[in-house]
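Chemist: sequence plus the predicted model coming up.
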Amino acid sequence: MPQRPPYLSVALISGAALAYEILLMRLFSIIQWHHFSYMIIGLALLGYGFSGTVISVFQRWLQAHFTFVYLACLLLFGLTSVTSFMLAQAIPFNAEMILWDSHQLVYLLLIFLLLSLPFFFAATAICLAFMQYRGQVSRIYAWDLAGAGMGSLAVIGLLFAVFPQYALLVIAVLGLLAFLVASMELRLKQLKVTLVVLGAASMLLALAAANLDLQLSPYKGLPQTLRISGTEVIEQDSSPFGLISIVDSKTIPFRYAPGLSLASTEEPLPQVGIFTDGDNMTVITKAVDDQSKLTYMDQVTSALPYHLVDPASVLIVGAGGGTDILQALYHSTPVIDAVELNPQLIDIVGHRYSDFNGALYQRHGVNVHAGDVRGFLSRNQKKYDLIQLSLMDAFNASASGLYALNEDYLYTVEALQLYLDHLTPGGYLALTRWVKMPPRDTLKLFATAIDALKLQGVENSSDRLALIRSWQTSTLLIRNGAIKNDAVEKISKFSESRSFDVAYAPGMPPSKDSYNQLPQPWFQTGTAALLSDARDQYIDDYKFDLKPAIDDRPYFHHFTKWTSLPEIFRLRDRGGMSLIEWGYIVLVMTLLVAAALSVVLITLPLRFLPRLSGEAKVTVSKTRVILYFLLIGVAFLFMEIAFMQKFILFLHHPLYSFAVTLTAFLVFAGLGSNLSANWSRRYSRRTILKGSLAGIVIIGLSYLLLLDELFVWLSSTPIFYKILLTILLVSPLALLMGMPFPLALSSLAENAQVLIPWAWGINGCASVISASLATLLAIHIGFSAVIFIAVLLYASVLFVYPSPERTI
Amino acid sequence: MKLLPAHIELLAPLLMAVFAAVSVPSLADDPTESARMELIRIIEEDVRQTSLELNKAELDPRVMKALARVPRHKFVPLEEKTYAYENRPLPIGHGQTISQPYIVAIMTDMLNLKPDSKVLELGTGSGYQAAILGELAGEVYTIEIVEPLGLLAKDRLQQLGYKNVITKVGDGYYGWEEHAPFDAIIVTAAASHIPPPLIKQLKPGGRMVIPVGSRFMTQQLLTVDKRADNKVVSRQVMPVVFVPVTGRH
């Protein structure tokens, strides 16, 4: 057995595994919806925990056949990464039927078992390396983390270059490469066998490559649209922002005009449909000479501000297919700035379809900027007469698979303040959303607006707000200044002629709905209550969570109150299904299932471990092992996830921020692990641990207190320096965070080596639990609290360090 | 062995039981009948509990009779037949569903159909809703945009003898000009807005019902009423009794 551990193959497999995780989230967001992909992939990561259990029980045999098993695991990762996905997508899982059809749970279980296999193999390989090369645990772990860091960066780049289903093949090849590299690192004599096996595996993959078409759930918008004869996908594009499908319809036009007035007689213009991840349709509108054909753009609630002010400049958040830009042009706005996150979408609308849409982005006064809106606004001082945010939900990095679920930084109190800061005096911020029954986000947004105004120093927000709605959409206006009586008149007129209802306008007595009647005038009573002194009572009494989201707790789309759940659950068969907030329920289910399975996975080996330990002069307290590895597993992920979110407030761009912070965390933690190995030559492990934990606590608390200020102070720094600073800030923390795990593991390697796989499994289980637990906590108490808890956990870990105890 | 009276005493009930088991299927007209009745009972119970929301303690008895008559199991694919009389939506292929019977009952009731009503349906799907409409109204015109589904439904409705239901495959955006105006219109096909031509084809005093939500979960039921003066008013109702706020607000 060569003395040098197979560092490179460990790094490769670890990178491939993390890349696979991220890619799976992307793939499942395309074929299903991202809530269930979060659950499926979250649970699949229990493959790590599972490997710990299996190795614990069979460790003698596995260690005796190390080379074979190690290589087999790498190879099997390569193969199962593709086959597991292919089989998983063939399973007819239908998320919406889950409360009606118990088979769906079986399907879900099957999918998660299939997908846990590749992670199982990757984790087994790494753990066996720890056991085989007991003396160099810290260094192996360093390569493991560094590899993972590179993997996360690489997969994002990969997703720009190839379609996600082919990125899958790249990852499989990476697994095969790890196999090849390992056989060289382990100085394998039977090179011919290796090559033959490699050849066979490659052929299998090549076969699979022919069958990698993505099978979307038949209930997603894109497959539904394609059933209409004459529609076909004419182009597809892919990036970490999503899979874009451009659809043309030869026989039956799209006619997409959400929120069109009931009084309208117009029909929308010809359109080309754009789907993102098989859903969320938006359209590119055909250019016509006859401007009067565009009047339907004036028959929607979002057109209201154009009737109150003649904007000299407008900022459109989320250019999409260009509809809002077209609306602004229809109202003859001279300067139109638009921000769009997805660069491919900008290219499609701005270049590839510019003939179709009459060179929309090249029109005089139109400027489209790639990126996110908060970054855009923090970098420039421009002020607008109108800022239009219409029917938009933020891209959140969860769709690209990075520990996120539903964070939305577009609708927090701080975000609204930012928009208001960029309004000219008398300018309007217009926020249009879909109307949900019973009212949820409209009222929540109203409450958020009131809070934002209060923080701007506006005591009487009631004269700066107006809310109108149709049965489908609502538009909330916030003015930089009071809305005068003549404007209120215009609001009335606009609404009346289009059969919209005015839910709130300054000076208007609350009226019943005339055009879109509800059983109770909830929008009127709601807005009135939120503006009154009884606001807190109202929010308490409301059965959905109307508390405004803030940057520390950016969950605008979270509505579930635990107190309402029994009633909602009881009503599910009587038409109450849509009251359930799936994202939250899935999160809680993921946590519960992960916790339950973890208990099994962690306690199962306990039967076998004493037998394996045999006659040992030193023992290690098993309770301490469980506590230690659980706590540091949870604390590590809490810190990582919470800081990843915090840095979004600095770097702004959700995807790039995630990529930078995640990679920095992993790479520097790896460096830290390596450093701890060097330091162990001079200091005792316990001393190093004490030092690192103290450092983590100090840095963690300092960041908690200072980072927010720092971010505000440096908000207009160019992005390049911001990235450097992020790396600089993350590095010391991550460096120290990378030490507790390898320190304890190398201690076990020395004193109780049979416990290594068990500790590895415990750590694996902890990371699955902590991912959903972190999000759950963040939803209720915010990310700062999550960081604080992590600091406390790190502080307490010293007391459960599994140090060796002498047996009598 | 001779048959003793004791044996006959034992044998007789046994023989009767066997006879009964064998003959019961032929005694009942239709094994699905009892399942259908059970479904009706569940829906009626649900409506009674929902009554606060829908302003009535029970649905139009004609509607319930129609639901009792229409053989829902004939409208679902083979693999779903076991669930045909459960109170839930079912996939019918081509990415579409047959609605939850409870929702069908409420929507049909909201249409206020009379024996001489002329109804337009957009989104035939399985044809189940059309059949229910056929039981209640004078003339039913139904349009389906997905060809295979539309043809299947047409066939099915013909076979079941719904002569007053006319099906066509096509784009429903412009309604069905030749047979307009309609007393009632039901739109189960997804659309981003209510097509203006449909509103035009609604008679004054007529009503449109539109379920809003995903294929499996109805979020709200929209009704559009055209008044005598041609003014159009929409009402939004949830298919569930749920008041979003406790206390006196």
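Modeler: It's in.

Chemist: residue contacts, residue 39?
Modeler: Looking at chain A here, since you left the chain open. Applying CB atoms under 8 Å, 6 or more residues apart in numbering or on different chains to A:Met39 gives the contacts A:108, A:112, A:586-587, A:589-590. Using the backbone N, CA and C atoms, a C-beta is placed for each residue, glycine as well.

Chemist: oops, I was thinking of chain B
Modeler: B:67, B:72, B:85-87, B:101.

Chemist: which of those residues lies closest to A:Ile781?
Modeler: The nearest member of these to A:Ile781, counting by CB to CB, is B:Asn87 at 39.5 Å.

Chemist: can you name the residue of chain A nearest chain B?
Modeler: Nearest residue of chain A to chain B, counting by CB to the nearest CB: A:Gly575, 3.2 Å away.

Chemist: run a quick neighbour tally on that residue.
Modeler: A:Gly575: 27 surrounding residues under other CB atoms under 10 Å in any protein chain shown.

Chemist: any figure for the gap between it and B:Ala190?
Modeler: 19 Å (CB to CB, to the nearest Å).

Chemist: so where's chain B shaky on pLDDT?
Modeler: Chain B contains residues with pLDDT under 70 at B:1-30, B:50-55, B:248-249.

Chemist: mind listing the strands the top strand by length along it pairs with, and their directions?
Modeler: When chain B is parsed with DSSP state E, its longest strand is strand B:202-213. Paired neighbours of strand B:202-213 in the sheet (DSSP bridges): strand B:182-187 (parallel), strand B:218-226 (antiparallel).

Chemist: deepest in the core, which of these is it.
Modeler: Counting by mean count of other CB atoms under 10 Å in any protein chain shown, strand B:182-187 has the highest mean neighbour count of those, with a mean of 25.

Chemist: tell me the pLDDT of A:His35.
Modeler: A:His35 is assigned a predicted lDDT (pLDDT) of 80.

Chemist: ok, it touching A:Val588?
Modeler: No - the pair A:His35 and A:Val588 does not pass the contact test of CB atoms under 8 Å, sitting 11.6 Å apart.

Chemist: which single residue in chain B comes nearest to chain A?
Modeler: B:Pro239 (3.2 Å).

Chemist: tell me where the model's unsure across the stretch 351-500 of chain A.
Modeler: For the stretch 351-500 of chain A, residues meeting the criterion pLDDT under 70 lie at A:394-404.

Chemist: near chain B, which residues of it?
Modeler: Residues of the stretch 351-500 of chain A found near chain B, taking CB under 8 Å from any CB of the partner chain as the criterion, are A:436-439, A:471-472, A:499.

Chemist: contact partners for residue 77?
Modeler: Using chain A. By CB under 8 Å, 6+ apart, A:Phe77 lies in contact with A:13, A:16-17, A:118, A:121-122, A:125, A:175, A:178.

Chemist: switch to chain B, please.
Modeler: B:91-93.

Chemist: re the thing from before, how much space between the closest residue to the residue of chain B closest to chain A other than its chain neighbours and B:Tyr102?
Modeler: With CB to CB, 6 or more residues apart in numbering or on different chains as the criterion, B:Pro239 has its nearest non-adjacent residue at 3.2 Å, and that residue is A:Gly575. Distance, A:Gly575 to B:Tyr102, using CB to CB: 7 Å.

Chemist: need the overlap of contacts for the two.
Modeler: B:Pro239.

Chemist: mind listing the strands for chain B?
Modeler: B:90-93, B:96-98, B:118-122, B:139-144, B:165-169, B:182-187, B:202-213, B:218-226, B:232-237.

Chemist: any chance of these in JSON lines with distance to A:Ala370 as columns?
Modeler: JSON lines is the format used below for the strands of chain B (distance: least, CB to CB, whole Å):
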{"stretch": "strand B:90-93", "distance to A:Ala370": "40"}
{"stretch": "strand B:96-98", "distance to A:Ala370": "38"}
{"stretch": "strand B:118-122", "distance to A:Ala370": "40"}
{"stretch": "strand B:139-144", "distance to A:Ala370": "42"}
{"stretch": "strand B:165-169", "distance to A:Ala370": "43"}
{"stretch": "strand B:182-187", "distance to A:Ala370": "39"}
{"stretch": "strand B:202-213", "distance to A:Ala370": "35"}
{"stretch": "strand B:218-226", "distance to A:Ala370": "35"}
{"stretch": "strand B:232-237", "distance to A:Ala370": "39"}
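
Chemist: hmm, A:Ser56 is touching A:Phe608, no?
Modeler: Yes - using CB under 8 Å, A:Ser56 is in contact with A:Phe608, at 6.4 Å.

Chemist: which one of these two is surrounded by more residues?
Modeler: Shown here are A:Ser56 and A:Phe608; by other CB under 10 Å, A:Ser56 has more neighbours (27 against 16).

Chemist: and the closest residue to B:Leu198 other than its chain neighbours, backbone torsions?
Modeler: In space, not counting the residues next to it along the chain, B:Leu198 is nearest to B:Gly175; the distance is 5.0 Å by CB to CB, 6+ apart. Torsion angles at B:Gly175 (phi, psi; degrees, to the nearest 10) stand at phi 60, psi -150.

Chemist: any stretches of the stretch 1-150 of chain A with poor pLDDT?
Modeler: For the stretch 1-150 of chain A (pLDDT under 70), the answer is A:1-2.

Chemist: interface residues of it facing chain B?
Modeler: When proximity is defined by CB under 8 Å from any CB, the stretch 1-150 of chain A lies next to chain B at A:94, A:96-97, A:100-101.

Chemist: can you add neighbour count and give the residues you listed back as JSON lines?
Modeler: Formatted as JSON lines, the residues of the stretch 1-150 of chain A next to chain B follow (neighbours: other CB atoms under 10 Å in any protein chain shown):
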{"residue": "A:Asn94", "neighbour count": "18"}
{"residue": "A:Glu96", "neighbour count": "20"}
{"residue": "A:Met97", "neighbour count": "20"}
{"residue": "A:Trp100", "neighbour count": "20"}
{"residue": "A:Asp101", "neighbour count": "17"}
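
Chemist: next, count neighbours for the residue nearest to A:Gly576 when sequence neighbours are not counted.
Modeler: Distances taken as CB to CB, 6+ apart put B:Val240 closest to A:Gly576, at 4.2 Å, once the chain neighbours are dropped. For B:Val240, the count of nearby residues is 25 (other CB under 10 Å).

Chemist: likewise for A:Pro6?
Modeler: 28.

Chemist: mind listing what the nearest residue to it once chain neighbours are set aside touches?
Modeler: For A:Pro6, ignoring the flanking residues on the chain, the nearest one in space by CB to CB, 6+ apart is A:Glu185 at 3.9 Å. Contacts here follow CB under 8 Å, 6+ apart; on that basis A:Glu185 touches A:2, A:4, A:6-9.

Chemist: coming back round to it: the residue nearest to B:Leu198 and B:Ile199 touch, don't they?
Modeler: No - contact criterion CB under 8 Å: B:Gly175 and B:Ile199 do not qualify, at 9.2 Å.

Chemist: between these two, tell me which one has more neighbours.
Modeler: Using other CB under 10 Å as the criterion, B:Gly175 and B:Ile199 rank with B:Gly175 on top: 23 against 20.
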